[in-house]
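J.: pasting the sequence and the predicted model now:
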Amino acid sequence: MDRVFLDANVLYSAAYKPGSRLRRLWELPDTELWTSDYAIAEAMANLREDRPGQVAELERLLASPKLHRVAAAEADLPGGVAIHAGDRPILSAAIQARATHLLTGDRTHFGPYFGRSVAGILILPPSEYLSRR
């Protein structure tokens with residue numbers, strides 16, 4: 001069973017464009033979806049600013065029984081991991097959720113870790129994860 005942690009930009013994109021391929025994440029068998037209150041707040045704030053009409057769509061996705069939440073406290077990250085301060089809560093929450101994968105579109109901050117495991121969590125862009133499934 002995959003435990004897939006969704007970054008704020010994945011939540012945002014799934015709600016922004018209902019026809020998005022990202023919606024397949026909610027349909028995959030043997031997959032638990034996880035996110036954090038921090039990621040939800042960030043996605044919600046960005047949707048309210050950019051696409052207020054899609055806030056209800058995000059709320060619908062968040063209400064799915066397939067999606068679990070973790071209220072993460074910032075955890076110590078493994079040595080040698082240099083993540084932007086704004087993304088530390090995302091990686092910390094993924095660790096707390098015991099995720100097997102962290103999906104993010106943030107190439108600027110997480111890009112150097114794409115395809116690598118950090119604390120046992122494989123960091124991937126969503127498209128690569130979906131291609132593997």
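T.: Done, it's in. Residues are numbered from 1 along each chain as shown.
J.: got any ranges where the protein has weak pLDDT?
T.: When residues are selected by pLDDT under 70, those of the chain lie in 73.
J.: could you pull out the strands for it?
T.: When secondary structure is read from DSSP state E, the chain shows strands at 2-6, 31-36, 67-70, 101-103, 117-118, 121-124.
J.: hmm, who's touching the top helix by length along the chain?
T.: The helix spanning the most residues in the chain, taking DSSP state H as the definition, is helix 37-50. Contact with helix 37-50 is made by 6-9, 11-12, 15-16, 54-55, 58, 62, 69-72, 89-90, 93, as judged by C-beta atoms under 8 Å, 6 or more residues apart in numbering. Glycine gets a C-beta too; all of them are placed from N, C-alpha and C.
J.: tell me the contacts of residue 78?
T.: By C-beta under 8 Å, 6+ apart, the contact list for residue 78 reads 118-119.
J.: no no, residue 83
T.: When contacts are counted by C-beta under 8 Å, 6+ apart, residue 83 is found next to 77, 91, 109-110.
J.: since that was my last question, I'll sign off now.
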